[in-house]
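Colleague: I need the structure of the sequence given here:
(2 chains)
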Amino acid sequence: MSMLELKSVLAKKFAECISNYTLKNSNELYIEVDSPATYDICSYIYQELGYPLISMFAADEKQLINSYAVYYVFADRQESLLLIVKTMVKPDEMEITSLSKIIPAADLYEREIKDLFGINPLGHPNPKRLVFHSNWPDGKYPLRKEFNLKQKLDFVQEKISFQKVEGKGVYEIPVGPVHAGIIEPGHFRFSVAGEPIINLEAQLFYVHKGLEKLCEGQSIEKCFYIAERISGDETFTNSLAYCQAIEKIAGITVPQRAQYTRVIFAELERLTSHLGDLGGICLDTGYGFATFQFRMMRGWAYNLADELCGMRFLRSVNKPGGIRKDFMVGKKSILLKYLQKIKKELEDTVDIIKSHSMFIDRVENTGILKPKIAADLNAVGPGGRASGQCNDVRKSFPYAVYDKLEFEIPKHYNGDVNCRMNTKIEECFTSISLMIQAIENMPEGKILEPVTKVEPYRFAFGMTEAPRGENIHWIMTGEHNSIYRYKIRTPSFCNWPALCHAVNGNIVPDFPLINKSFNLSYAGNDL
Amino acid sequence: MFDIIKKIVKYPRLTNNYPDKALDSSLFIGSPEIDTDKCKLCGECVRHCPSGAIKINTVSNSITIDYAQCVFCVLCEEVCRSGAAKMTNKFELATKNKVTLQKGPWVIDENNIPYEPQALDALLQSKIKKTLGRSLYIREVDAGSCNGCDYEINGLNNPFNDLERLGISFVASPRHADMLLVTGTATRNMQLALLKTYAATPDPKLVVAVGACACSGGIFRDSYATNNGIDSLVPVDVYIPGCPPRPQAILYGILKALDKV
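Modeller: Residues are numbered from 1 along each chain as shown, chains lettered A, B, ... in the order given. Next up is the predicted model:
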């Protein structure tokens, strides 16, 4: 449905409840809605129009409109359109009607808003704390403007409660937050009977650093470096989403050469990440040879990053308005050499692992995420694409120069570890091909259009396809080139609940394997 | 099977012989340095530094970079008008005393009080080296990093670094460990877990802080949910600056803790 059709449909159906339509940045349609009608409008958009809820957040806009605002972000992925429902929450009310029963994906967002703003979702099926653990005192909400960033609150001694599964022979296995492997912290509570898992509850947010609060009031320049450090292995894609939002607000057109360079770095990051994941899957099935093959290729990808920019994690490559330096001058031959080497080795290794029946036996039909659940939870990235959700921001909301390059999105439907592995293998080859296309077609010219000043209280979305999937940042600028509100929604936030569904019915020893096939970021989820 | 053997023959050894053989670091972006002769103390880098690592002492008219806080972002080099700030390719920056990470004279503020090993500890230290000199078991604890440091620690196990050739390996439980390798700022929610892990590690033990966050809080300093470095909770033996430090920089730090470099 086009923008105009959508507008008329909404205007016809909800004429009295919608007070304002604003179109921003060519594809973001904001509609302001009276709070009592929000529930009806959102459920209409979700159920009748079929737009998924891709993000939801609140902002403290007391200084501007004497009220808090809650934004529900729906996407039309065919038309590259974002439909944002904005509703006001008065400081003396602090309540919204929960949408979780209709839109399962809203569950976590509502709990997040409750923890950070104190806006209560009425009728929420499971209003347990999300961001804060039991050590956090009641009645303290960090994203309210009056909350002092540097305040260290006292620890409260209380126990965290977990979902109980009861019955004969049912017992619990607590795991974490410090794990046996070298991974990030999170607590998993398995309820099992014998070997199969009945229920998994993931207690995350151990690495919550208050990142969104840290950015508020800071300069645009400084927040860029914080955006790079949202999730270490997704440095480039997060910095790119940040830059895109700032560039939209500042009204800057990024030079073509910088856009092509950004494609190369974004795909290099995806390749590095996927090679690591493939190695991890092999490691968790005890397949040593293949693990080291993938680790070797990942090592080459890091060497390539060193050759191109001197930073293994591609930090300080982007800059709002373009890229920091012309990294690709004279690097074509070395880039092609590395890519050919990786491609050859990847082809050989994939042939070997796929002809190994014991390995395939382990990954096939393990950890199935059903397409229906994936759709309900808005599962994104390779995890979603392996379960029939063929969405990719590079196609649905093209950025940089992806609309000029040729590539296919992998489609798989079984939703098991094997499908996720195959998705990642295919995406590795796509990334290599995209990098080659980008370097071949790269024009000469400028690499940076500096952002000097941004207008206060403007807002925009920055969207990228991170290695783990759809990545959405929303920025509202403040006065004197600062950030007023920065909402980060990384793909991991959507996919953690999907992982918890995928493990049900599998045996506990397969959990590391299923976990690795998603390879979600804890830091990107916890912020 | 034949394919596998072919591959093994094709890549017999990929491992760098670091630290016996120095690494070619010409491509690396390492620590920034300020040439005090060229520096005009204009304060441009201080205003821009995203982690507040550069400070000017107005009493002694001098400028310093605190590598414990520096995130190696290249911005100081970019904004410097007199060409005094330059990125070097130095990466072996690990040190036992936090104060040595601050180049030049420094006013120590409340948050920066370094951990001073006491007499008993000093004795313990020498015992540790005797006991653990030949083989070392490490438990890694992520206490709130962005996962960059953790991926680099993982990198120590890849075929290029192969930590086990030095008799060092990672273990699954702190109860089996001699050394805790801690990354991250020690967030509010990880605080208790870090203290429990420390308590669960048998004495004698070593603690190494990996990355700017663990050394000082880095770019995430002074938030309601973070601590300014793990040394506010547990005693630290070696600090490894970097954001994130390279695998070899971490290896250098581990060996430094054992007095092997």
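Colleague: Local confidence estimate at whichever residue of the stretch 1-150 of chain B sits closest to chain A?
Modeller: Of all residues in the stretch 1-150 of chain B, the one sitting closest to chain A is residue B:148 (2.8 Å; C-beta to the nearest C-beta). (Glycine included, C-beta is placed from N, CA and C.) What the model reports for residue B:148 is a pLDDT of 90.
Colleague: residues contacting it?
Modeller: Counting by C-beta atoms under 8 Å, 6 or more residues apart in numbering or on different chains, residue B:148 makes contact with A:229, A:232, A:233, A:235, A:313, B:211, B:243, B:244.
Colleague: Relative to chain B, how far out is the third one?
Modeller: Which is residue A:233. Separation of residue A:233 from chain B (C-beta to the nearest C-beta, to the nearest Å) stands at 6 Å.
Colleague: between the contacts of residue B:148, which is closest to residue A:3?
Modeller: Nearest to residue A:3 among the contacts of residue B:148 is residue A:235, at 34.0 Å by C-beta to C-beta.
Colleague: so residue A:29 sits right up against residue A:84, yeah?
Modeller: Yes: using C-beta atoms under 8 Å, residue A:29 is in contact with residue A:84, at 6.8 Å.
Colleague: For residue A:65, which non-adjacent residue is spatially closest?
Modeller: Among residues not flanking residue A:65 along the chain, residue A:88 sits closest, at 6.9 Å (C-beta to C-beta, 6 or more residues apart in numbering or on different chains).
Colleague: helix or strand for the one you found, which one?
Modeller: strand A:81-89 (DSSP states H and E).
Colleague: Residue A:72: what secondary structure?
Modeller: strand (DSSP: H, G, I helix; E, B strand; the rest coil).
Colleague: So for it, what's the nearest residue that isn't a sequence neighbour?
Modeller: Per C-beta to C-beta, 6+ apart, closest to residue A:72 is residue A:85, 4.3 Å.
Colleague: Am I right that the one you found is in contact with residue A:28?
Modeller: No: the criterion here is C-beta under 8 Å, and residue A:85 misses it with residue A:28 at 12.0 Å.
Colleague: Looking at the two, which one has more neighbours?
Modeller: Neighbours per residue (other C-beta atoms under 10 Å in any protein chain shown) separate residue A:85 from residue A:28, with residue A:85 holding more: 23 against 18.
Colleague: what separates the closest residue to chain B within chain A from residue A:523, distance-wise?
Modeller: For chain A and chain B, the shortest gap (C-beta to the nearest C-beta) falls at residue A:232, measuring 2.8 Å. For residue A:232, the distance to residue A:523 equals 7 Å [C-beta to C-beta, to the nearest Å].
Colleague: So which of those two has more stuff around it?
Modeller: Legend: neighbour count by other C-beta under 10 Å for residue A:232 and residue A:523, higher for residue A:523 (29 against 26).
Colleague: Looks to me like the more buried one is in a strand.
Modeller: No: using three-state DSSP, the assignment for residue A:523 is helix, not a strand.
Colleague: For the residue nearest to residue A:65, give me its contacts.
Modeller: A:32, A:35, A:65, A:67, A:68, A:69.
Colleague: which non-adjacent residue is nearest the fourth one?
Modeller: Going back to what we said before, that points to residue A:67. Closest to residue A:67 by C-beta to C-beta, 6+ apart is residue A:88, at 4.4 Å.
Colleague: could you measure the closest residue to residue A:87 other than its chain neighbours against residue A:106, distance?
Modeller: With sequence-adjacent residues excluded and distances taken as C-beta to C-beta, 6+ apart, residue A:87 is closest to residue A:38, at 4.5 Å. Distance, residue A:38 to residue A:106, by C-beta to C-beta: 12 Å.
Colleague: Give me the common contacts of the two.
Modeller: By C-beta under 8 Å, 6+ apart, the residues touching both residue A:38 and residue A:106 are residue A:72.
Colleague: ranges for the strands of the stretch 251-400 of chain A?
Modeller: A:318-319, A:322-323 (DSSP state E, counting those that start in this stretch).
Colleague: could you dump those strands to a markdown table with mean pLDDT, distance to residue A:10 and mean neighbour count?
Modeller: Output for these, formatted as a markdown table (pLDDT from 0 to 100; distance: least, C-beta to C-beta, whole Å; neighbours: other C-beta atoms under 10 Å in any protein chain shown):
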| stretch | mean pLDDT | distance to residue A:10 | mean neighbour count |
| --- | --- | --- | --- |
| strand A:318-319 | 90 | 36 | 25 |
| strand A:322-323 | 90 | 37 | 24 |
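Colleague: Burial check on residue 170, number of neighbours?
Modeller: Went with chain A since none was named. 14.
Colleague: Chain B is the one I meant
Modeller: Quick note: residue B:170 (other C-beta under 10 Å) scores 21 neighbours.
Colleague: same check, this time on residue A:288
Modeller: 10.
Colleague: what's residue 76 in contact with, if anything?
Modeller: Going with chain A. The contact partners of residue A:76, by C-beta under 8 Å, 6+ apart, come to A:1, A:6, A:49, A:51, A:82, A:83.
Colleague: Hmm, no, I was thinking of chain B.
Modeller: B:32, B:34, B:45, B:48, B:49, B:54, B:65, B:85.
Colleague: After the helix or strand where it lies, which helix or strand is next?
Modeller: Residue B:76 is part of helix B:75-79, with elements assigned from DSSP H and E. Note on helix B:75-79: by DSSP H and E, the next helix or strand toward the C-terminus is strand B:85-87.
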